[in-house]
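A.B. asks: give me the fold of what follows.
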Amino acid sequence: MKFNELGLDDSILTALNQKGYTTPTPIQEQAIPIVLEKKDLLGVAQTGTGKTAAFAIPIIQLLGKEEPQRGKRPIRSLIVTPTRELAIQIEENIKAYAKFTDLRHAVIFGGVKQHSQVAQLKGGVDILVATPGRLLDLMQQGYISLKQIEIFVLDEADRMLDMGFIHDIKKLLEKLPKRRQSLFFSATMPDNIVELSRKILFKPQKVEVTPESTTAETVTQLVYFTNRPDKKKLIMHILKDPKKDQVLVFSRTKHGADRLARDLSKKKINAAAIHGDKAQNQRQKSLKNFKSKQLRVLVATDIAARGIDIDKLNWVINYDIPNLPETYVHRIGRVGRAGETGTAISIAEPEENEFVKDIEKLINQRIEEVSDHPFPQTDTPMTKAEKKEWEKEKQKRKQEFFANRKKNKQGQPKGNRR
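C.D. replies: Okay, here's the model as predicted:
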């Protein structure tokens, strides 16, 4: 199937053609007709499957068929997503797809002054992309009304709950019109996400293009087993290969990301860190330089990396193995996007071996071990100091796990019944 077989307007097809889009991805092929029929949609899709276009394109078509109102335009479509980077990325795509229409769109997010965002809102906006915190803030100040929302999109729902946004979502749902079209997207569908979707959607059509908790077949997965003191030496060894010219590295903590980026830079490897404590302009500059390959290595925490959208990223390195196997699936979803090939490398110290086993159990496959390297894992026991440090680390990870679970289990929002 081609995009011109989906019943899209010529203005949208021209924009898609300029972007080089001819054949829709599976989620686009299935979701676009459902949204155009004004039905609610439950989309289960990994990062990199093309889901932004799956909801943005039909929203542009539906809103574009109506004559814009005179005077200040009301917000008719609201897209809520968890991170600033992802919000910016979605709005950039909408800008490209709506290039030959009269629709107005804007993106709002925290971490920057609100003046320019408010100015755009005052001028009238048809499609608004927002992160929850800044959205609620501007609503309370009276700059945003959701009374005329026709289409509501909740994107990255699982990450939204992981980040503790359940109460913000509840507040938003109370302000949305009961009669609306709702689109709900999540990479995974654990029980709490299923329950949330039932509160938001009305008789939804379900589109699932990748089974839950699986990894793309186009991604080569490798694991290096080493000792904790040798981790940094090993990543330096791996990065000696000049073919690895654009590498996304995952660190569990913000401090760890900063420290690793500094150490790589000292070894003449052009690297920068990106995480929630960085100023928005710093994050955007690092991301822009990484996309253009001026920056070779970007060290990121999981939350910051969720908005990184690079068409042909070939290398991901898990410097810290996540204790939640689902997080591993999200991480390596940055490569092998939309049928492209890629390689995901994990570096495991002895105390993380159990995490590797949990991941293999979840994805139902063995991760290929690379044993031919200069820093193999040994059975040398940890010193007392190392053991004490690891116990602290395990306790911290355990606390994070239960804190997230507690947030997710707290009150669910009232439903959307028409």
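A.B. asks: which stretches of the stretch 1-150 of the chain have low pLDDT?
C.D. replies: 46-48, 67-71 (pLDDT under 70).
A.B. asks: so who does the residue nearest to Met163 when sequence neighbours are not counted touch?
C.D. replies: Closest residue to Met163 apart from its sequence neighbours, by CB to CB, 6 or more residues apart in numbering: Pro82 at 5.4 Å. Bear in mind the C-beta positions are built from the backbone N, C-alpha and C, glycine included. Shown in contact with Pro82 (CB atoms under 8 Å, 6 or more residues apart in numbering): 131-132, 155-156, 159-160, 163, 165, 303, 306.
A.B. asks: Asp320 versus Pro82, what's the distance?
C.D. replies: When distance is defined by CB to CB, to the nearest Å, Pro82 is 21 Å away from Asp320.
A.B. asks: picking up where we left off before, the residue nearest to Met163: what secondary structure?
C.D. replies: coil (DSSP: H, G, I helix; E, B strand; the rest coil).
A.B. asks: related to what we said a few turns ago, out of the contacts of Pro82, which are buried?
C.D. replies: The neighbour-count criterion (16 or more other CB atoms under 10 Å) marks 131-132, 155-156, 159-160, 163, 165, 303, 306 among the contacts of Pro82 as buried.
A.B. asks: quick one: which of these sit in helices?
C.D. replies: Among those, the ones falling in helices (DSSP state H) are 132, 159-160, 303.
A.B. asks: excluding chain neighbours, give the residue nearest to Glu369 in space.
C.D. replies: Nearest one to Glu369, counting by CB to CB, 6+ apart, is Val223 at 5.5 Å.
A.B. asks: mind listing the helices for the stretch 1-150 of the chain?
C.D. replies: Using DSSP state H, counting those that start in this stretch, the helices assigned to the stretch 1-150 of the chain run over residues 10-18, 26-36, 51-64, 84-97, 115-122, 132-140.
A.B. asks: what is the last one packed up against?
C.D. replies: So that's helix 132-140. When contacts are defined as 3 or more CB pairs under 8 Å, 6 or more residues apart in numbering; DSSP states H and E, helix 132-140 packs onto strand 77-80, strand 105-108, helix 115-122, helix 166-175.
A.B. asks: let me see the domain layout of this structure.
C.D. replies: Structurally, the chain divides into domains by automatic domain parsing as follows: 3-208, 219-379.
A.B. asks: follow-up on the earlier one: close enough to count as contact, the residue nearest to Glu369 and Phe355?
C.D. replies: No - at 10.5 Å, Val223 does not count as touching Phe355 under the criterion of CB atoms under 8 Å.
A.B. asks: how about the strands in this protein?
C.D. replies: 41-44, 77-80, 105-108, 127-130, 151-154, 181-186, 205-208, 219-225, 247-250, 271-274, 297-300, 315-318, 342-348, 368-369 (DSSP state E).
A.B. asks: turn the ones you listed into JSON lines, columns for distance to Gln282 and mean neighbour count.
C.D. replies: What follows is the strands of the chain, written out as JSON lines (distance: least, CB to CB, whole Å; neighbours: other CB atoms under 10 Å):
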{"stretch": "strand 41-44", "distance to Gln282": "32", "mean neighbour count": "25"}
{"stretch": "strand 77-80", "distance to Gln282": "24", "mean neighbour count": "24"}
{"stretch": "strand 105-108", "distance to Gln282": "18", "mean neighbour count": "24"}
{"stretch": "strand 127-130", "distance to Gln282": "21", "mean neighbour count": "26"}
{"stretch": "strand 151-154", "distance to Gln282": "28", "mean neighbour count": "23"}
{"stretch": "strand 181-186", "distance to Gln282": "28", "mean neighbour count": "24"}
{"stretch": "strand 205-208", "distance to Gln282": "37", "mean neighbour count": "17"}
{"stretch": "strand 219-225", "distance to Gln282": "29", "mean neighbour count": "20"}
{"stretch": "strand 247-250", "distance to Gln282": "17", "mean neighbour count": "26"}
{"stretch": "strand 271-274", "distance to Gln282": "8", "mean neighbour count": "26"}
{"stretch": "strand 297-300", "distance to Gln282": "12", "mean neighbour count": "27"}
{"stretch": "strand 315-318", "distance to Gln282": "22", "mean neighbour count": "24"}
{"stretch": "strand 342-348", "distance to Gln282": "26", "mean neighbour count": "23"}
{"stretch": "strand 368-369", "distance to Gln282": "36", "mean neighbour count": "11"}
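A.B. asks: burial count for the spatially closest residue to Leu103 that is not a sequence neighbour?
C.D. replies: Distances taken as CB to CB, 6+ apart place Asp126 nearest to Leu103, at 4.6 Å, with adjacent residues excluded. As a burial measure, Asp126 scores 25 neighbours (other CB atoms under 10 Å).
A.B. asks: measure the residue nearest to Met163 to Glu150 for me?
C.D. replies: 23 Å.
A.B. asks: kindly report the same for Ile317.
C.D. replies: The value you get for Ile317 to Glu150, if CB to CB is used, is 43 Å.
A.B. asks: can you check Lys231 too?
C.D. replies: Lys231 is 51 Å from Glu150, by CB to CB.
A.B. asks: circling back: the residue nearest to Leu103 and Glu66 touch, don't they?
C.D. replies: No - Asp126 is beyond contact range of Glu66, at 9.4 Å (criterion: CB under 8 Å).
A.B. asks: any chance of the helices and strands packed on helix 132-140 in CSV with distance to Leu138 as columns?
C.D. replies: CSV is the format used below for the helices and strands packed on helix 132-140 (distance: least, CB to CB, whole Å):
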stretch, distance to Leu138
strand 77-80, 12
strand 105-108, 6
helix 115-122, 7
helix 166-175, 12
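A.B. asks: which one of the ones you listed lies closest to Met236?
C.D. replies: Closest to Met236 of the helices and strands packed on helix 132-140, according to CB to CB: strand 105-108, at 37.9 Å.
A.B. asks: need the contact partners of that closest one.
C.D. replies: Here strand 105-108 has contacts from 87-88, 90-91, 94-95, 98, 114, 117, 120-121, 125-131, 134-135, 138, using CB under 8 Å, 6+ apart.
A.B. asks: list the strands paired with that strand, with their directions.
C.D. replies: The strands beside strand 105-108 in its sheet (DSSP bridges) come out as strand 127-130 (parallel).
A.B. asks: what about the stretch 251-400 of the chain, any weak spots by pLDDT?
C.D. replies: In the stretch 251-400 of the chain (pLDDT under 70), the answer is 304, 306-309, 311, 337-339, 379-383, 386-387, 390, 394, 397-400.
A.B. asks: give me the neighbour count for Val356.
C.D. replies: 20.
A.B. asks: kindly report the same for the one 3 residues further on.
C.D. replies: Applying the criterion other CB under 10 Å, we find 28 residues in the vicinity of Ile359.
A.B. asks: perfect, that will be all.
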